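Peer 1: missing the sequence, but the structure's below:
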């Protein structure tokens, strides 16, 4: 056959064998570097809170957290603001995104631009405009019945104006999370099937759409929680003292206490994220 075709079979070339252990080595190196990147600063901060050159190792800063002036009040305020922000931003974003997908798909680029617009506005510019609007609104609305509403939303006990500001700041992250969740499901088919079976719009939203968006809703909620707990600029310039502002205030006189509070808040958020991840992982397996 080789003589007929004029082709001669050359010596067999042995196949190139890839090192089986090389990908594992690179994964291990990347994992070690990423772990060191996160844990080394955290460990250094923890060592700063428990060690002093004069007294040595002491966990007194963590014991002072319970009795620190303003700790419980500021933490409760931040958690309340976070809960209100999560509820409000989801009630605004999810129905609007569903309405655009079902009835006006051509408006999706417009909605995407509007929802991501806060990313290009610096927070200092945003809060400056917000403060100016509140001052001008107080003068303009003083003779009207709406003046009481404007004063009520600025109540230091629970400043609703911060909730409105946080909704704007967190809207791009919530939009991306919900958009990623909606892309994984056929929204139109699910809605039409539910409506054809006689379900109302609220029933379709809360019993058909929301269960399929649990992961996206959890992601959006924890992004909102992390932003509200760590936001400083808007609250400080408007004159309120949630958790992040309280940490900065305490850091002027008690540096170890402020770092200890930061570490505990970070660990709390990590624990919540791990708990939600494990819960949704079990649901996917089931």
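Peer 2: Received the coordinates, thanks. Small disclaimer: the values here were computed from a predicted structure and weren't measured.
Peer 1: only C-alpha atoms for contact and neighbour calcs from this point on.
Peer 2: OK.
Peer 1: tell me how far the host helix or strand of residue 39 lies from the chain's centre.
Peer 2: According to DSSP states H and E, residue 39 maps onto helix 22-50. Offset of helix 22-50 from its chain centre (Cα atoms, centre = their mean, to the nearest Å): 23 Å.
Peer 1: hmm, who's touching the next helix or strand after that helix?
Peer 2: Counting by DSSP H and E, the next helix or strand C-terminal to helix 22-50 is strand 51-52. For strand 51-52, the external contacting residues (Cα atoms under 8 Å, 6 or more residues apart in numbering) are 57-58.
Peer 1: who touches the very next helix or strand once past strand 51-52?
Peer 2: Note on strand 51-52: by DSSP H and E, the next helix or strand toward the C-terminus is strand 56-57. Identification of contacts with strand 56-57 by Cα under 8 Å, 6+ apart yields 50-51.
Peer 1: helix or strand next in line after strand 56-57, which one?
Peer 2: Next helix or strand after strand 56-57 toward the C-terminus (DSSP H and E): helix 60-67.
Peer 1: what angle sits between the next helix-or-strand element following that following helix and helix 60-67?
Peer 2: Where DSSP H and E defines the elements, the next helix or strand beyond helix 60-67 is helix 71-103. In terms of direction (axes from the mean of the first three to the mean of the last three Cα atoms, to 10 degrees), helix 71-103 departs from helix 60-67 by 80 degrees.
Peer 1: for residue 162, pull up the helix or strand it's in.
Peer 2: Assigned by DSSP H and E, residue 162 falls in helix 160-183.
Peer 1: for the following helix or strand past that helix, what does the pLDDT average out to?
Peer 2: Downstream of helix 160-183, the first helix or strand assigned by DSSP H and E is helix 187-196. Mean pLDDT, helix 187-196: 87.
Peer 1: which strands and helices sit next to helix 187-196?
Peer 2: Packing partners of helix 187-196 (3 or more Cα pairs under 8 Å, 6 or more residues apart in numbering; DSSP states H and E): helix 71-103, helix 201-204.
Peer 1: show me how far it is from its chain's centre.
Peer 2: 30 Å.
Peer 1: how about that helix: buried residues?
Peer 2: Residues of helix 187-196 classed as buried by neighbour count (16 or more other Cα atoms under 10 Å): 187, 191, 194.
Peer 1: relative to helix 71-103, how tilted is that helix?
Peer 2: 90 degrees.
Peer 1: any buried residues in the helix holding residue 39, and which?
Peer 2: Buried residues in helix 22-50 (16+ other Cα under 10 Å): 45-46, 49-50.
Peer 1: count the residues that sit near residue 158.
Peer 2: The tally of other residues near residue 158 (other Cα atoms under 10 Å) stands at 17.
Peer 1: pretty sure it sits against residue 76.
Peer 2: No: the pair residue 158 / residue 76 is not scored as a contact, 10.2 Å apart, by Cα atoms under 8 Å.
Peer 1: where's the residue nearest the centre of the chain, which helix or strand?
Peer 2: In the chain, the residue lying closest to the centroid (Cα atoms, centre = their mean) is residue 223, at 0.8 Å. Here residue 223, judged by DSSP H and E, is contained in helix 214-230.
Peer 1: so which elements touch that helix?
Peer 2: Against helix 214-230 (3+ Cα pairs under 8 Å, 6+ apart) you get helix 71-103, helix 160-183, helix 243-251, helix 255-285.
Peer 1: now for the helix or strand following it, which elements pack on it?
Peer 2: Note on helix 214-230: by DSSP H and E, the next helix or strand toward the C-terminus is helix 233-238. For helix 233-238, the packing partners by 3+ Cα pairs under 8 Å, 6+ apart come out as helix 123-141, helix 160-183.
Peer 1: quick check: buried residues in the helix or strand following the first one?
Peer 2: This points to helix 123-141. Next helix or strand after helix 123-141 toward the C-terminus (DSSP H and E): helix 146-152. Residues of helix 146-152 classed as buried: residue 150 (neighbour count, 16+ other Cα under 10 Å).
Peer 1: would you pull up how far helix 146-152 lies from the middle of the chain?
Peer 2: That offset, for helix 146-152, works out to 30 Å (Cα atoms, centre = their mean).
Peer 1: what's that helix in contact with?
Peer 2: With Cα under 8 Å, 6+ apart, helix 146-152 has contacts from 137-138, 141.
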